[in-house]
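Colleague: I'd like to go over a predicted model; first the sequence, then the structure.
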Amino acid sequence: MDTASLGLDTASLGLDAASLGSAMYDLITELYPICRSITGDGVRKSLKILQQHIPLEIHEVPSGTPVFDWTVPKEWNIRDAYIKDATGKKVVDFQESNLHVLNYSLPIHKKMPLSELKEHLFSMPDRPDWIPYRTSYYNENWGFCLTDNTLKSLPDGEYEAYIDSSFKDGSLTYGELFLPGQTTDEILLFCHDCHPSLCNDNLSGVSLVTFLAKHLSQQSRRYSYRFVFAPATIGAITWLSCNEHKVANIKHGLTVANVGDPGHLTYKKSRRGNADIDRVVPHILKHSAPNHEIIDFSPYGYDERQFCSPGFNLPIGSLTRSQFGTFPEYHTSADNLDFVQPSSLVNSFETYLSVIDVLEHNHTYLNTNPKCEPQLGKRGLYSVYGGKQTAPEDRMAMLWVLNLSDGEHTLFDIAEQANLSFAIIKNAAFRLANSGLLKVCPSVVPQ
Amino acid sequence: MDTASLGLDTASLGLDAASLGSAMYDLITELYPICRSITGDGVRKSLKILQQHIPLEIHEVPSGTPVFDWTVPKEWNIRDAYIKDATGKKVVDFQESNLHVLNYSLPIHKKMPLSELKEHLFSMPDRPDWIPYRTSYYNENWGFCLTDNTLKSLPDGEYEAYIDSSFKDGSLTYGELFLPGQTTDEILLFCHDCHPSLCNDNLSGVSLVTFLAKHLSQQSRRYSYRFVFAPATIGAITWLSCNEHKVANIKHGLTVANVGDPGHLTYKKSRRGNADIDRVVPHILKHSAPNHEIIDFSPYGYDERQFCSPGFNLPIGSLTRSQFGTFPEYHTSADNLDFVQPSSLVNSFETYLSVIDVLEHNHTYLNTNPKCEPQLGKRGLYSVYGGKQTAPEDRMAMLWVLNLSDGEHTLFDIAEQANLSFAIIKNAAFRLANSGLLKVCPSVVPQ
Amino acid sequence: MDTASLGLDTASLGLDAASLGSAMYDLITELYPICRSITGDGVRKSLKILQQHIPLEIHEVPSGTPVFDWTVPKEWNIRDAYIKDATGKKVVDFQESNLHVLNYSLPIHKKMPLSELKEHLFSMPDRPDWIPYRTSYYNENWGFCLTDNTLKSLPDGEYEAYIDSSFKDGSLTYGELFLPGQTTDEILLFCHDCHPSLCNDNLSGVSLVTFLAKHLSQQSRRYSYRFVFAPATIGAITWLSCNEHKVANIKHGLTVANVGDPGHLTYKKSRRGNADIDRVVPHILKHSAPNHEIIDFSPYGYDERQFCSPGFNLPIGSLTRSQFGTFPEYHTSADNLDFVQPSSLVNSFETYLSVIDVLEHNHTYLNTNPKCEPQLGKRGLYSVYGGKQTAPEDRMAMLWVLNLSDGEHTLFDIAEQANLSFAIIKNAAFRLANSGLLKVCPSVVPQ
């Protein structure tokens, strides 16, 4: 993957791509075996692992807490589950894959004939080797997920279904890290962390947000940043309910998911459709990702659904690689450690950083010499006969910045109009500002 | 023709498509033989037939009445007309087809050689079997229209031209029906009724408007409706001149013509180009008519020319099947009872009703639970494991209605943004309103 | 080249295309041998020749005058230059082509070996028969330009380089003609006149502007016109600096260059992108030039760069044939008298005049009979049976003008909406105004 034209690549950041990719992948590997759900010890254990990388604050919201139209559910925990055949042999075993249990299953321990058991078995006839991932959060039920090959191999007879799970008053757990910047304006990065052994959806997002937070904590920041790790839907709703007073500061945001697969990058716009984030992400993708997709907001998908509900309408889009539901591995046992790749994780990481780079540096300047062009040559800014060449693209970038720095165009506006990458425009602006040909626009001084 | 995805089909209306098609076609059959013109007894007789279906009010505007830049002309009536050859044989006979006479011909009774007669004969060399339809309203003249085959078969010699017509002070006649609704805002449906034996143009429009009026008279109506049957151009000008004080109430309107031919539906936008009617008709056609055409306003066509003159600029477009002048049968004897079809008439009728359905039900709602999504499952609105399935399209429609019911989007706006038919969005809104999740937006309560 | 659909062709102007083409070409021929630069006697001599055609006022701005960020340079003049080989034979001779000298070369008279000389020689290896055109205005240097064939044929040995040029305090010279019109609003036509023996760039522009000024001086004018002949870049900057108080009157303008080559017409928009000139030129090209190109503004090109700098932001685009830098002959000895053609010059001239015709006649009218259509027939404006036919396009044009003459649409707006040429719409408006059906809109009476 060529990231040369990206605003930021790992090299320019002083990072080693291979090390970063390994580190992100290793974190996924560590989190993979844990059985997570929307509540319970799996999420808690996962967040503790993240705390080894970033100083995450962990919040517990008690079962029964009303959160808008919803209620925080009882806490679910599971210790073991299996199906034994008539000979006592385990034909389905939670210890082998936590996907085998319908997530949020009631406890059960009962013998029954295959015909009765089958009403609680889920498989994928079109992918006979894969175990589907199924949940039943709000309908009390129990069940097992298994490969269709296994299902078809079960002889008639009596089976023992055993699920050692518990539903108890407890809490919903989420993790949050806030990095203050020069301003109180915030950028929110939100990932769901409730899926069990599924890598792309969404351990990849969890890992990327962790490493992004780690990196940004070491940088000077104009914006403040908030990183949230919470269960999907009920977690986002709970977070919004508990943090409603904070959302006014959120100026830009992304929900982070599916960032490790080999597919192309996909940006889904916020409900506003024309928020800064809705212009910046497509710009970065246009200049760095030959294949990518931009899709309009729809009220279906990840937790942008909640952030973009009409009562919030936040400028939050979703930047993924393959879109949910569009790849066969989605919500199956094939979304495993083979499906995510360090190189994809690194490319996603760089893309997120490039987006942040635009937001951080999108200033508005004034041309100090607005009548006619200034004489670049006498300042060493123009390619001169025999002298050091300025690349044609950099020269055009300087001319564009000078021409449009009238107080009404941000650097990003200029990049869009010039059809040049923000990185090139930003560099041109820096050179011009250093030569005294630009000054920061007083009416829009970055805070 | 598949009308399944239309908002309204005859079945949903409790109508039988076959019966409706027959009834519309029968009315055309009854009106077909009458010789109509822009004034005279033909129009009067036609309107009396319509009164058997709807309580039409008939208006007479005296000859000589100034109507804007025009004057109501003398009344023209015709009893008989023919051309006899030297042997006394009728070679052209008004009794066989009223198209044989140049409409608005002066009376004449004179013998003359073929060479002189030919200056008053009109045929179509490229359609040698068809009689053309010609008029001479504002240039005093007389003439006959005949097939080119007949014209070519006429031997030299003396002919007797006889037209028993009269021009006298009389009146211009138009019919009008007003159906009051819950509001004084009006929808205008206007058709020209001045053509003699021509079926598509415009007995089809006359029949459709009659049956639409009949149907709507039996419905509860938010809007008031006005149905006008008048001669083309001078009739529309006369109606506008006599009813200028009424036009402020007209919020939407259509000129109705050519609705019985087998061609695809065509919508010509109003002069405004972005009136509600200009958005609603294309929406209905997009979702129900795989082949259709949308054309921009131009100051040529049917009586939208008058309604869209700059002094009125009313939101009135034109919804036809084949556009005037684009089909060979246009203004010829081939626009006969074979050219119009009951199935086309029914499809046009359903399309008009679907448009009206949008206008009647295009309310604005408020999501009563605007912060985050409401929990649809606990209200039985979400597809649930083992329960009654909500179709995916209906689920998406509910999510869209919830997401955009912020007081700034009508249901129609939502349908457009969701790229779903208004009918599906309307049904979703009804379900949500019944569950208490929507309420009518107070600031835009339908009157 | 078919100019039938142009608003203005030479015939309609009472001009003979062949004579005009010859006259424009002859002027180029006369100017061709002169060695021009951004200062010096070459420009003075050229402007004196133009004074034989138009009463140009000649301005001298002293060396050292500060002009915005720049300074008027010392005046450069050259009398002779050559390279002699060891045998004393001139291998490069300024008298044969003034392109042979690097424009603005320092004087030199020195013998040196070929290796040293080569650092001052410029050729085009990919066009071995052509002499390139090179300048070094702001870096003190000397040099020769020659064909690559000559360069390759030079044997090793000692050469005598001789350039008899001078740099002295003097002045920068520009020519200007102002033609007052009924209003003080101005149209600016600007051409650069600093290139030596190069025909398309830009003796073609110099010639076109001269003949345009000559023609317009004999016409009645609503607008005032200003024609400027000045060196590129420093000349435009100097003119703007000296005439800053005048620019508020400039309502439309074009930089004129490359108007004699056989390529298609190209319009580069002003920085505003939506100025009148940015709509009018594309309209004329759409209706008269089957092949043409419209390009967005960019801060690179001709002197629109200065006029469109943010401190001026004037509504000035650039109308050329082939765009600078896109044709191989650009800035080489191949841009000679064979490269420009009388027919191209005439076509460019007609295009400029058609643009001016729109600007001059783009009035706003009011339909005096705005309610319904007026009766055109009784005024002889409609095609009538047996009478004089009005062409269908002219009839549509009249209907469009009547329909849109509501005080909110100029004739140009109407032409665009009707998709008819301005010429046809203008003619329709004249006929309607003559019949009393239009009057000039009082609120926007042309001054």
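Modeller: Looks like it came in fine.
Colleague: Which residues outside the host helix or strand of residue A:212 are in contact with it?
Modeller: Element membership of residue A:212 [criterion: DSSP states H and E] is helix A:205-216. Applying CB atoms under 8 Å, 6 or more residues apart in numbering or on different chains, the set of residues contacting helix A:205-216 from outside is A:13, A:15, A:20, A:23-25, A:27-28, A:31, A:46, A:50, A:53-54, A:177, A:179, A:189, A:191-193, A:225, A:227, A:229, A:256-260, A:345, A:348-349, A:352-353, A:356. C-beta here means a position set from N, CA and C on the backbone, and glycine is covered the same way.
Colleague: can you pull the buried residues of that helix?
Modeller: For helix A:205-216, burial by neighbour count (16 or more other CB atoms under 10 Å in any protein chain shown) applies to A:205, A:206, A:207, A:208, A:209, A:210, A:211, A:212, A:213, A:215, A:216.
Colleague: Could I have the CA atoms of that helix written out in CSV?
Modeller: The C-alpha atoms that make up helix A:205-216 are tabulated as CSV, following Å, rounded to 0.1, in the frame of the first residue of the first chain:
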residue,chain,number,x,y,z
GLY,A,205,-11.1,-0.8,16.1
VAL,A,206,-10.2,-1.3,19.8
SER,A,207,-6.6,-1.8,18.9
LEU,A,208,-6.4,1.2,16.5
VAL,A,209,-8.1,3.6,19.0
THR,A,210,-5.7,2.4,21.7
PHE,A,211,-2.6,3.1,19.6
LEU,A,212,-4.0,6.4,18.3
ALA,A,213,-4.6,7.5,21.9
LYS,A,214,-1.1,6.4,22.8
HIS,A,215,0.4,8.4,19.9
LEU,A,216,-1.6,11.5,20.4
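Colleague: other SSEs contacting the helix or strand following that helix?
Modeller: Using DSSP H and E, the helix or strand that follows helix A:205-216 towards the C-terminus is strand A:224-230. In this structure, strand A:224-230 makes packing contacts with strand A:171-179, strand A:186-192, helix A:205-216, helix A:234-242, judged by 3 or more CB pairs under 8 Å, 6 or more residues apart in numbering or on different chains; DSSP states H and E.
Colleague: Let's have those in a markdown table, adding mean pLDDT.
Modeller: A markdown table is the format used below for these (pLDDT from 0 to 100):
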| stretch | mean pLDDT |
| --- | --- |
| strand A:171-179 | 98 |
| strand A:186-192 | 98 |
| helix A:205-216 | 98 |
| helix A:234-242 | 98 |
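Colleague: could those be laid out in a markdown table, adding distance to residue C:327?
Modeller: Supplementary listing: those in a markdown table, determined by distance: least, CB to CB, whole Å:
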| stretch | distance to residue C:327 |
| --- | --- |
| strand A:171-179 | 56 |
| strand A:186-192 | 49 |
| helix A:205-216 | 50 |
| helix A:234-242 | 59 |
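Colleague: can you list the domains in chain A?
Modeller: Domain assignment for chain A by automatic domain parsing gives A:17-72+A:171-360, A:76-168, A:363-444.
Colleague: Distance check, whichever residue of the stretch 101-250 of chain A sits closest to chain B against chain C.
Modeller: Proximity to chain B, evaluated over the stretch 101-250 of chain A using CB to the nearest CB, is greatest for residue A:237 at 4.5 Å. The gap separating residue A:237 from chain C is 45 Å, by CB to the nearest CB, to the nearest Å.
Colleague: residues contacting that residue?
Modeller: Contacts for residue A:237 (CB under 8 Å, 6+ apart) come out as A:67, A:68, A:70, A:306, B:372, B:373.
Colleague: Okay, and the beta partners of the residue nearest the centre of chain A?
Modeller: For chain A, residue A:256 is the residue whose C-alpha lies nearest the centre (CA atoms, centre = their mean; 1.1 Å). When bridges are assigned using DSSP bridges, the partners listed for residue A:256 are residue A:319.
Colleague: Need the phi and psi values for residue A:71.
Modeller: For residue A:71, the backbone dihedrals (degrees, to the nearest 10) come out as phi -130, psi 140.
Colleague: Run a quick neighbour tally on it.
Modeller: 15 (other CB atoms under 10 Å in any protein chain shown).
Colleague: Spatially, what comes nearest to it if we skip its sequence neighbours?
Modeller: If you skip the residues right next to it in sequence, residue A:71 has residue A:64 as its closest partner in space, 6.2 Å away by CB to CB, 6 or more residues apart in numbering or on different chains.
Colleague: Retrieve the pLDDT associated with that neighbour.
Modeller: Turning to residue A:64, the model gives it a pLDDT of 98.
Colleague: hmm, back to that, for the buried residues of helix A:205-216, which one is nearest chain C?
Modeller: Of all the buried residues of helix A:205-216, chain C sits closest to residue A:216, with 34.8 Å by CB to the nearest CB.
Colleague: Can you tell me which residues in the stretch 251-400 of chain A are near chain B?
Modeller: Applying CB under 8 Å from any CB of the partner chain, we find that the stretch 251-400 of chain A lies next to chain B at A:271, A:298, A:299, A:300, A:305, A:306, A:308, A:309, A:310, A:311, A:312, A:313.
Colleague: what about 7 Å?
Modeller: Residues of the stretch 251-400 of chain A lying close to chain B (CB under 7 Å from any CB of the partner chain) are A:271, A:299, A:300, A:305, A:306, A:309, A:310, A:311, A:312.
Colleague: What residues does chain A have near chain C?
Modeller: Counting by CB under 7 Å from any CB, chain A sits next to chain C at A:367, A:369-375, A:377, A:384-385, A:396, A:399-400, A:403, A:405-406.
Colleague: Quick check: PyMOL command selecting the buried ones in these.
Modeller: Only the buried members of these enter the following PyMOL selection, criterion being 16+ other CB under 10 Å:
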select buried, chain A and resi 367+369+370+371+372+373+374+375+384+396+399+400+403+405+406
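Colleague: In helices, which of the residues of chain A next to chain C fall?
Modeller: Cross-referencing the residues of chain A next to chain C against helices under DSSP state H gives A:396, A:399, A:400, A:403.
Colleague: can I get those in JSON lines with pLDDT?
Modeller: As requested, those are arranged in JSON lines below (pLDDT from 0 to 100):
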{"residue": "A:396", "pLDDT": "96"}
{"residue": "A:399", "pLDDT": "97"}
{"residue": "A:400", "pLDDT": "98"}
{"residue": "A:403", "pLDDT": "98"}
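Colleague: from these, which is closest to residue A:411?
Modeller: When those are compared for distance to residue A:411 (CB to CB), residue A:400 comes out closest, at 10.0 Å.
Colleague: picking that back up, quick one: work out the angle between the helix holding residue A:212 and strand A:186-192.
Modeller: Our comparison of helix A:205-216 with strand A:186-192, counting by axes from the mean of the first three to the mean of the last three CA atoms, to 10 degrees, yields an angle of 150 degrees.
Colleague: how big is the angle separating helix A:205-216 from strand A:224-230?
Modeller: 160 degrees.
Colleague: follow-up on the earlier one: and the domains of chain A, which is most packed in?
Modeller: Per-residue neighbour counts averaged over each of the domains of chain A give the maximum for domain A:17-72+A:171-360, namely a mean of 21 (mean count of other CB atoms under 10 Å in any protein chain shown).
Colleague: Now find how far off-centre it is within its chain.
Modeller: Offset of domain A:17-72+A:171-360 from its chain centre (CA atoms, centre = their mean, to the nearest Å): 3 Å.
Colleague: quick one: residue A:77 and residue A:108, what's the gap?
Modeller: Using CB to CB, to the nearest Å, one gets 15 Å for the distance from residue A:77 to residue A:108.
Colleague: Also residue A:202?
Modeller: Summarising the geometry, the distance separating residue A:202 from residue A:108, computed by CB to CB, is 29 Å.
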